[in-house]
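J.: fold the following, please.
(2 chains)
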Number of protein chains: 2
Amino acid sequence: MPNFSKDDLLKIASSIFCAAGAVDDIAQQVSEVLVLNNLAGHDSHGILRIPEYLKSIETGEIVPNARPEILSESVTTALVGGNWAFGQLTGLYAVDLAISKAKKNQVSVVAAVQAGHTGRLAAFTDRAAKQGVVMFMTIGTTMQPVTAPYGGSTAVMGTNPMAFSLPYLGGAPISLDFATSAIAAGKIKVAHANQENLPPNSILDKYGRPSIDPQDFIDGGVLLPFGGHKGYGLALIAELLSGPLIGSEKFPGINKKNGIFIFAFDAEIFRPADEYEKSLEEVLGRIKSVPPREGFKEVLLPGERGVRSVERREQDGIPVAESTWKAICLAAKSVGVNL
Amino acid sequence: MPNFSKDDLLKIASSIFCAAGAVDDIAQQVSEVLVLNNLAGHDSHGILRIPEYLKSIETGEIVPNARPEILSESVTTALVGGNWAFGQLTGLYAVDLAISKAKKNQVSVVAAVQAGHTGRLAAFTDRAAKQGVVMFMTIGTTMQPVTAPYGGSTAVMGTNPMAFSLPYLGGAPISLDFATSAIAAGKIKVAHANQENLPPNSILDKYGRPSIDPQDFIDGGVLLPFGGHKGYGLALIAELLSGPLIGSEKFPGINKKNGIFIFAFDAEIFRPADEYEKSLEEVLGRIKSVPPREGFKEVLLPGERGVRSVERREQDGIPVAESTWKAICLAAKSVGVNL
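T.: Numbering: from 1, shown residues only, chains lettered A, B, ... in the order given. Model prediction:
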């Protein structure tokens, strides 16, 4: 399997996006988010997406040189128009605005419309936590229905992710980032390739019947929400916050509408950072010291696995699956880049 | 089974709390929250709690005539000290403050420390949604550990509830309110009484082994978080927001510390209410029209079951279990009230 350093992947991704029509700083920002996701071990939101994004540029779903802009704002709020720029660019722009408003005015709510695919939300919310800002972020993707509501038999919601990040200056941010669907479509593909069964309560077949066979999803099945009616409820809240509440349907794209919703506040509203830090470490210590149950090595904190992956991959490099690498080379060639 | 009108229960509850040392308006406010929970069908957070609260008054965990106060505030934030007043009183006070700040300044973050038991969070967040304010509320109860972290074998967190409410002026608020534990301790007691098994992935026995036998929980077992690592992550976020972040451990009570965390914002930040309402109805209609899967009659919206219960019980009265009614009569007698 090919193996690359972080810097190599950054250069590769950046050169492809430049060749596809992005100026340097845009190509660089998008590539940084993708490679950060690879570092964190979330390869499905990393450079694997390059061929898909090049296709989106061709169809006009991503405008490679577009930049997000502020459509309206107050001291504590803003609505960002993404202009169908790369979703990573719009995500960074909206998050940085939310951070800056939270720093200046304690609390902020920022939304974005016309955003392309943003990928892993923790790549954005961690950025806030590292600057002493608590952030909640969610995206509902109504127009790509793949998840059934609890009790329903057909898809009506996206995988609607949600993230919460809190500062932890003595370590990496405490970062919870999850899809409200029970399983990612990508993991179903992997199970299918390996001829493995899915965990129970992950999918329904096309007739709305529970199944553990990945083929049943591929043949027109749907994802279930995680955690029954509670996960469904969260998926719906994601949908409403990033849709009807912010008005994302007023800003349609070529074949979809897409909204981002962010809530942020200064972590020092209620107490100084050093007091928070001390109390946080006490709670985290208590949780980490819980003896693991059978089948587990240890109790992990949200985001801990990702932090370890970053440490490992910064040192040992980032392995890229043969098929992913071939697809990237082919996509690169289509815009005149020979890797 | 005895059956009471809403007004009868309000009078009964109020008279008991007055006899236990609360002044009229406090007794009234607490009773209104309890009876609202009964109306919504959440009897475990209703008048069933009266005997427990009277005991808490005896031990000093609830101070019946205490009132919450503002410890510090800005235009968009506040820290409320509950002074170990009834949790319902502190909850209402904090929520009304968050609503008022969100109305005036678009966005707010309000926290409360020294809060008694508040019960069902939607009783508070619905209040915001009915006034055009979106509200998120969470409570972590570190000091009453009953839930294991994902992968752990012993309890270290509470049932850490979370709620999100959004306005829906054409109907009842869209209201998601859930414990981050897989099951409520109360439901285990019911299963035990009925000699029924628990759903899988609800509890571990005292040795940290998965079990479906309610007796294993009673014999020193622990609750599991709902939805695996995702529900655990949410439980931890609840813990951190309402604990280290707001400093609830600086305000200990007789035998516990307790924090409430709220963020709220005006639902009209991004668009006028009528536009939101139209778009909301479109999304809700799409979800309600999903055909139910086998074993379900229809797809429900978060909070919909509660709304129907309110309609039914306002008309037909509120049934109170024989054992609950006996316990209330006994508790009432202890403060000199003959029911």
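
J.: from here on, contacts and neighbour counts on C-alpha atoms
T.: Fine.

J.: any idea which helix is longest in chain A?
T.: For chain A, the helix reaching the highest residue count under DSSP state H is reported as helix A:87-105.

J.: send me that helix as CSV with only the CA atoms.
T.: The C-alpha trace of helix A:87-105 is given here as CSV (Å, rounded to 0.1, in the frame of the first residue of the first chain):
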residue,chain,number,x,y,z
GLY,A,87,-17.5,23.0,1.4
GLN,A,88,-14.2,22.9,3.4
LEU,A,89,-13.7,26.6,2.5
THR,A,90,-17.2,27.5,3.6
GLY,A,91,-16.9,25.5,6.7
LEU,A,92,-13.6,27.2,7.7
TYR,A,93,-15.1,30.6,6.9
ALA,A,94,-18.2,30.1,9.0
VAL,A,95,-16.4,28.5,11.9
ASP,A,96,-13.8,31.3,12.0
LEU,A,97,-16.6,33.8,12.0
ALA,A,98,-18.3,32.0,14.9
ILE,A,99,-15.1,31.8,16.8
SER,A,100,-14.3,35.5,16.4
LYS,A,101,-17.8,36.5,17.4
ALA,A,102,-17.8,34.2,20.4
LYS,A,103,-14.4,35.6,21.5
LYS,A,104,-15.6,39.2,21.1
ASN,A,105,-19.2,38.8,22.3
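
J.: for that helix, list every residue counted as buried.
T.: Neighbour-count burial for helix A:87-105 flags A:87-103, A:105 (criterion: 16 or more other C-alpha atoms under 10 Å in any protein chain shown).

J.: I'd like the next helix or strand past it.
T.: Sequence order places strand A:107-113 as the next helix or strand after helix A:87-105, per DSSP states H and E.

J.: for that following strand, which helices and strands make contact with it?
T.: Applying 3 or more C-alpha pairs under 8 Å, 6 or more residues apart in numbering or on different chains; DSSP states H and E, we find strand A:107-113 packed against strand A:77-81, helix A:87-105, strand A:259-266, strand B:107-113.

J.: what pairs with the third one, parallel or antiparallel?
T.: In the sheet, strand A:259-266 lines up against strand A:107-113 (antiparallel), strand A:133-140 (antiparallel) (DSSP bridges).

J.: with mean neighbour count added, can I get those strands in JSON lines?
T.: Below are the strands paired with strand A:259-266 laid out as JSON lines (neighbours: other C-alpha atoms under 10 Å in any protein chain shown):
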{"stretch": "strand A:107-113", "mean neighbour count": "30"}
{"stretch": "strand A:133-140", "mean neighbour count": "27"}
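
J.: list the buried residues of stretch A:3-11.
T.: Those would be A:3, A:4, A:5, A:6, A:9, A:10, for stretch A:3-11 by 16+ other C-alpha under 10 Å.

J.: name the nearest residue to the first one, ignoring sequence neighbours.
T.: Closest residue to residue A:3 in three dimensions, ignoring its sequence neighbours and counting by C-alpha to C-alpha, 6 or more residues apart in numbering or on different chains: residue A:319, at 4.3 Å.

J.: any idea how many residues pack against the one you found?
T.: 17 (other C-alpha atoms under 10 Å in any protein chain shown).

J.: gap between it and chain B?
T.: According to C-alpha to the nearest C-alpha, to the nearest Å, residue A:319 and chain B sit 26 Å apart.

J.: surely that residue is in contact with residue A:9?
T.: No. Contact criterion C-alpha atoms under 8 Å: residue A:319 and residue A:9 do not qualify, at 10.5 Å.

J.: out of the helices and strands packed on strand A:107-113, the one nearest residue B:259 is which?
T.: Of all the helices and strands packed on strand A:107-113, strand B:107-113 sits nearest to residue B:259, with 4.6 Å by C-alpha to C-alpha.

J.: pLDDT on the closest one, on average?
T.: Average pLDDT, strand B:107-113: 97.

J.: for the record, mean pLDDT for the helix or strand hosting residue A:305?
T.: Assessed by DSSP H and E, residue A:305 sits inside helix A:304-316. Across helix A:304-316, the average pLDDT comes to 97.

J.: send over that helix as PDB, restricted to the C-alpha atoms.
T.: C-alpha atoms of helix A:304-316 as PDB (Å, rounded to 0.1, in the frame of the first residue of the first chain):
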ATOM      1  CA  GLU A 304      -9.100  10.100  21.600                       C
ATOM      2  CA  ARG A 305      -8.800   7.500  18.800                       C
ATOM      3  CA  GLY A 306      -8.300  10.300  16.300                       C
ATOM      4  CA  VAL A 307      -5.700  12.000  18.300                       C
ATOM      5  CA  ARG A 308      -3.700   8.800  18.500                       C
ATOM      6  CA  SER A 309      -4.000   8.300  14.800                       C
ATOM      7  CA  VAL A 310      -2.700  11.800  14.200                       C
ATOM      8  CA  GLU A 311       0.400  11.100  16.400                       C
ATOM      9  CA  ARG A 312       1.000   7.800  14.600                       C
ATOM     10  CA  ARG A 313       0.500   9.000  11.100                       C
ATOM     11  CA  GLU A 314       2.500  12.200  11.500                       C
ATOM     12  CA  GLN A 315       5.400   9.900  12.400                       C
ATOM     13  CA  ASP A 316       4.900   6.800  10.200                       C
END
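
J.: and the next helix or strand after that helix, how far from the chain's centre?
T.: Downstream of helix A:304-316, the first helix or strand assigned by DSSP H and E is strand A:318-319. Its chain's C-alpha centre and that of strand A:318-319 lie 20 Å apart, by C-alpha atoms, centre = their mean, to the nearest Å.
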